[in-house]
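Asks: need coordinates for the following:
(2 chains)
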Amino acid sequence: MSLYPVASPVPSPAFVETIPDKPEEACGVFGLYAPGEDVAKLTYFGLFALQHRGQESAGIASFEREQVHVYKDMGLVSQVFNEKILRQLPGNLAVGHTRYSTTGSSVVVNAQPAVLQTRLGPLALAHNGNLVNAAQLRSILQNHNCRFETTTDSEMIAVRSRGRSTAARIG
Amino acid sequence: MGARDPNGIRPLVLGTFLSNGITRYVLASETCALDIIGAEYLREVEPGELVWITEAGLASFHWAKKPERKLCIFEMIYFARPDSLMHEETLYRYRVRLGEQLAKESPVDADFVMGVPDSGIPAAIGYSRHSGIPYEEGLIKNRYVGRTFIQPTQTMRESGIRMKLNPLKDVLAGKRAIIVDDSIVRGTTSRKIVREMREAGAKEVHMRISSPPVTHPCFYGIDTDSQDQLIAATKSVTEIAAQLGVDSLAYLSWEGMLAATGEDPNSFCSACFTGDYPVPVPDPLKRAKLRLEELAV
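Replies: As a prediction, this is how the structure comes out:
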């Protein structure tokens, strides 16, 4: 977890007039494996096209052999990333996420991809959806001495997968 | 690695592109994200499938014991971009058919049909096509505003939503309008739009909605309000029409919405319209969003 930006204050959505009276999509996810390509940049454009699926936060994790680079922050994809930041996300594969919070509050620590160190190497997870049994799962995992860094349900998938896989997970 | 839940409620697609002569794989929520990077749509990740992408290519595992497709119908009606593919066609085409079906079910005489930009436009085109009533633009959306957190001035606040949607007075004045939207959730925006249309001189406003009334909250990754905030959970169509200030209001039937997909009607989750949740929701979570009993209405 190399590149966490400083958490920016989350503005309260006071100007409700401009917020559409529609249900809000939970998340958009994107991932690819393409050695020799600028995977972070391709992921950026993928997220850019998925912006309608979540406007609260955006993040990209890239993998360079065993090392993971991650950058995520509150805001639109085009506000979170610039050329300089994308250059700091080298690698052969990347996963990206745009988020609208449905579980867990709207703070930068809950932005995705969620990155964990596992026995077999780092793991980054981008998740779209809700775990309906989140409360139950969290207590089971806590009983197994799993620790959490966020208040999201998605992190539990990553924690559950810990030790089982090395690659980036998306979905 | 990409995985989809056993019901495939949220979408996930696979694409390919050539990089230095090698086929590479990409995963995305929707096909519009493949288009932007020049990748070709290959197929969707199946409900209960896990795909593993490595140097050797793509490996697929079916991990769920009993996968059963329950794609969120709201993805098709509203959420996903109209240029994304589902069931081998763009969602634009599906949404046009919803409008055609709506015109079939709930006709009304008027001078023109318009859509609420942008999400109501494909269905408005379909309504116009089926009814033979001309299509017009009656509201122009400022597509560059996005979300703003800057507080408007008091004067602006009183003028309502014009910052985002501006009515075309010379189109609306003295005319009978049919306005098509994809859905109504709380009804707050719809009410403002109707008021704006009246102020711009519309003689009659007939609202047509290209989905059924939203009566139940979503527990599968969509932020619908709790049930007490959903206008259709507590009010009849007649009451909603009165609250919105329209001359008539009609929603698309549940059957019509599913028939227009051309797919097995059982392969969708439509719990927000029926309360029939395909994945059991634990009680405490359910109680948090189902607050009807606490409402003293």
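
Asks: what residues are bridge-paired with residue B:89?
Replies: residue B:86 (DSSP bridges).

Asks: do a quick rundown of the helices in the stretch 1-150 of chain B.
Replies: Counting by DSSP state H, counting those that start in this stretch, the stretch 1-150 of chain B has helices at residues B:32-36, B:73-74, B:91-105, B:121-131.

Asks: pLDDT averaged over the shortest one - what is it?
Replies: pLDDT averaged over helix B:73-74 equals 96, rounded to a whole number.

Asks: centre of the chain versus that helix, how much separation?
Replies: Centroid separation between helix B:73-74 and its chain, computed with CA atoms, centre = their mean, to the nearest Å, is 7 Å.

Asks: so what touches it?
Replies: Contact with helix B:73-74 is made by A:23, B:183, B:211, B:218, B:222, B:257-258, B:261, B:268-270, B:272-273, as judged by CB atoms under 8 Å, 6 or more residues apart in numbering or on different chains. Where C-beta positions appear, they are placed from N, C-alpha and C, glycine not excepted.

Asks: show me the shaky parts of the chain.
Replies: If you meant another chain, say so; for now it's chain A. A:1-21, A:23-25, A:101-107, A:147, A:149-151, A:155-171 (pLDDT under 70).

Asks: chain B was what I was after
Replies: Checking chain B against pLDDT under 70 turns up B:143-163, B:224-225, B:287-297.

Asks: now the residue nearest the centre of it: closest residue in space that isn't a chain neighbour?
Replies: For chain B, the residue nearest the mean C-alpha position is residue B:78 (1.7 Å; CA atoms, centre = their mean). Leaving aside its sequence neighbours, residue B:78 sits nearest to residue B:182 (CB to CB, 6 or more residues apart in numbering or on different chains; 4.7 Å).

Asks: quick check: that neighbour touching residue B:119?
Replies: Yes: under the criterion of CB atoms under 8 Å, residue B:182 is in contact with residue B:119, at a separation of 4.6 Å.

Asks: how near is the residue nearest to residue B:78 to residue B:204?
Replies: 22 Å (CB to CB, to the nearest Å).

Asks: look at the two and report which has more neighbours.
Replies: For residue B:182 versus residue B:204, neighbours defined as other CB atoms under 10 Å in any protein chain shown are more numerous around residue B:182 (25 against 17).

Asks: dump the residue contacts of that one.
Replies: Per CB under 8 Å, 6+ apart, neighbours of residue B:182: B:77-78, B:95, B:98, B:116, B:119-120, B:123, B:209-211.

Asks: rerun at 6 Å
Replies: By CB atoms under 6 Å, 6 or more residues apart in numbering or on different chains, the contact list for residue B:182 reads B:77-78, B:119-120, B:210.

Asks: greatest separation within these: which pair is it?
Replies: Greatest spacing in the contacts of residue B:182, by CB to CB: B:77 and B:120 (10.7 Å).

Asks: re the thing from before, ok, and the most crowded of the contacts of residue B:182?
Replies: residue B:210 (32 neighbours).

Asks: contacts only, for that residue.
Replies: B:98-99, B:102, B:123, B:182, B:252.

Asks: of the residues you listed, closest to chain A?
Replies: Set against chain A, the nearest of the contacts of residue B:210 by CB to the nearest CB is residue B:182 (8.2 Å).

Asks: chain B - how does it break down into domains?
Replies: B:2-69, B:82-268 (automatic domain parsing).

Asks: turn these into CSV, columns for distance to residue B:286.
Replies: Output for the domains of chain B, formatted as CSV (distance: least, CB to CB, whole Å):
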stretch, distance to residue B:286
domain B:2-69, 17
domain B:82-268, 7
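
Asks: of the ones you listed, which is nearest residue A:73?
Replies: Nearest to residue A:73, of the domains of chain B and by CB to CB, is domain B:82-268 at 15.5 Å.

Asks: start to end distance for the closest one?
Replies: 18 Å (CA to CA, to the nearest Å).

Asks: all strands for the stretch 1-150 of chain B, in order.
Replies: B:2-3, B:13-19, B:22-28, B:40-44, B:49-54, B:57-62, B:71-72, B:85-86, B:89-90, B:112-115, B:139-141 (DSSP state E, counting those that start in this stretch).

Asks: of the ones you listed, which stretch is the most buried?
Replies: strand B:112-115 (a mean of 26; mean count of other CB atoms under 10 Å in any protein chain shown).

Asks: show me where chain A has helices.
Replies: Under the criterion DSSP state H, chain A contains helices at A:39-49, A:77-80, A:83-87, A:134-143, A:154-161.

Asks: so what's residue A:96 up against?
Replies: Residues counted as contacts of residue A:96 (CB under 6 Å, 6+ apart) are A:30, A:43, A:47, A:60.

Asks: can you tell me how far residue B:50 is from residue B:14?
Replies: Taking CB to CB, one finds residue B:50 at 12 Å from residue B:14.

Asks: then residue A:92?
Replies: 18 Å.

Asks: again, but for residue A:79
Replies: From residue A:79 to residue B:14 the distance is 29 Å (CB to CB).

Asks: give the bridge partners for the nearest residue to residue B:118 once chain neighbours are set aside, please.
Replies: Nearest non-adjacent residue to residue B:118, counting by CB to CB, 6+ apart: residue B:141, 6.4 Å away. Counting by DSSP bridges, residue B:141 is bridged to residue B:165.

Asks: who are the contact partners of the closest residue to residue B:102 other than its chain neighbours?
Replies: Of all residues not flanking residue B:102 in the chain, residue B:252 sits nearest, at 4.9 Å (CB to CB, 6+ apart). Going by CB under 6 Å, 6+ apart, residue B:252 touches B:102, B:210-211.

Asks: 7 Å instead, please
Replies: B:98, B:101-102, B:105, B:209-212 (CB atoms under 7 Å, 6 or more residues apart in numbering or on different chains).
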